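Visitor: For reference, the sequence and a predicted model appear below.
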Amino acid sequence: MNIENIEAFVYINHYGSFNKAAEVLFLSQPSVTARIQSLERELGCKLFDRLGKQIVLTDEGRKFLPYAQQVLQVIQKGRQKIQQRRTTPDALRLGSTVSVSNYVIPDFLPKIKEAYPEVNIKLTTATTDQLIAKLLNQEIDLAFVRKVMHPAIRTIAFYEDPIQLYVYKGHPFIERGHVSMEAIRNERLVFFECGSLDWLRIHRAFDSLDHPPDITYHVDHSETAKKLVLQGAGIAFLPGLTVQKEVQDQELFPIQVHEVAGVSLQISVVTLKEEHSPFAEPFGELLRQL
């Protein structure tokens with residue numbers, strides 16, 4: 001069965017006109033008519049009727065339509081797959097911040113591999129600033145970073161990671177569930193910050209207190225801060241991604257703090273605008289499926 005005949009049938013039904021279908025297919029109207037006549041001979045039935053100037057499907061045409069549409073969709077997918085193989089590089093150079101590398105990438109990489117089984121993946125873990133520099137130097141293709149603004153970079157929103165106060169098992173804040181910043185100033189605080197603007201709201205909340213909080217430990221890594229809290233050395237504001245397992249296992253407990261409600265780390269996938277990566281759109285689609 002001639003695929004071009006099936007294509008003409010689907011287009012005529014879609015546009016409701018032989019002339020319009022011919023125009024879209026860059027054919028003459030007699031050529032489109034000839035294709036439909038050929039298809040009708042193959043199927044042994046009439047596919048269209050005329051009601052005045054209107055073109056409508058016959059009963060047989062309505063029955064055949066979903067199968068014709070499916071044939072065209074399958075062919076289109078095949079063409080896209082072939083084109084994808086021609087244009088997709090055999091290696092993806094991916095960058096990621098530490099927290100995303102630890103808590104997101106292990107679940108995400110298998111999805112990339114499933115979508116692109118022929119692609120090998122190289123992961124570089126670094127800070128946002130370092131990854132942006134590598135992207136601009138074309139040392140990596142894509143990167144998971146905190147929210148950034150740069151004229152040469154295209155950004156796809158990925159995830160907002162809420163920052164909350166977390167306490168260890170048995171802490172008195174657990175029964176309360178929410179506290180004010182004033183209550184925290186009497187607690188030993190493990191303070192971790194990643195240099196993001198989102199942390200400024202926490203700093204400003206501290207500055208509003210009559211007496212500054214007791215920052216017993218000031219650390220530069222979320223895992224260090226988390227382990228100190230687990231040991232009962234203090235309490236800490238931490239991104240939600242870093243403590244998912246501990247919260248699920250009821251080893252750490254989130255506490256609402258009114259003054260910093262809604263603070264979060266915004267994580268994006270970035271690629272260069274000019275040297276547009278063929279992975280950018282597929283990445284966006286995969287992200288939406290997470």
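Guide: Cool, got the structure. Residues are numbered from 1 along each chain as shown.
Visitor: what's the helix or strand for residue 206?
Guide: Secondary-structure assignment from DSSP states H and E places residue 206 in helix 200-207.
Visitor: quick one: that helix to chain centroid distance?
Guide: 30 Å (C-alpha atoms, centre = their mean, to the nearest Å).
Visitor: and the following helix or strand past that helix, which strands flank it?
Guide: Scanning the chain past helix 200-207 towards its C-terminal end, the next helix or strand to appear is strand 214-219 (assignment: DSSP H and E). Taking DSSP bridges as the criterion, strand 214-219 pairs within the sheet with strand 188-192 (parallel).
Visitor: got the buried residues for the partner strand?
Guide: Buried residues in strand 188-192, defined by neighbour count with 16 or more other C-beta atoms under 10 Å: 188-192. Where you see a C-beta, it was placed from the backbone N, CA and C, and this is true even at glycine.
Visitor: Quick one: residues in contact with the helix holding residue 206.
Guide: 163, 181, 193, 212-213, 237, 257, 259-260, 263 (C-beta atoms under 8 Å, 6 or more residues apart in numbering).
Visitor: In strands, which of those residues fall?
Guide: Where the contacts of helix 200-207 overlap with strands, as defined by DSSP state E, the overlap consists of 163, 237, 257.
Visitor: you'd agree residue 266 is in a helix?
Guide: No: applying DSSP: H, G, I helix; E, B strand; the rest coil, one finds residue 266 to be strand, outside a helix.
Visitor: For the residue lying closest to residue 105 once chain neighbours are set aside, give me its contacts.
Guide: The spatial neighbour of residue 105 that comes closest, neighbours along the chain excluded (C-beta to C-beta, 6 or more residues apart in numbering), is residue 96 at 5.6 Å. In this structure, residue 96 makes contact with 104-105, 123-125, 131, 143-144, judged by C-beta under 8 Å, 6+ apart.
Visitor: Return a PyMOL selection command for the buried portion of those residues.
Guide: In PyMOL, the members of these classed as buried (16+ other C-beta under 10 Å) are selected with the following command:
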select buried, resi 104+105+125+131+143+144
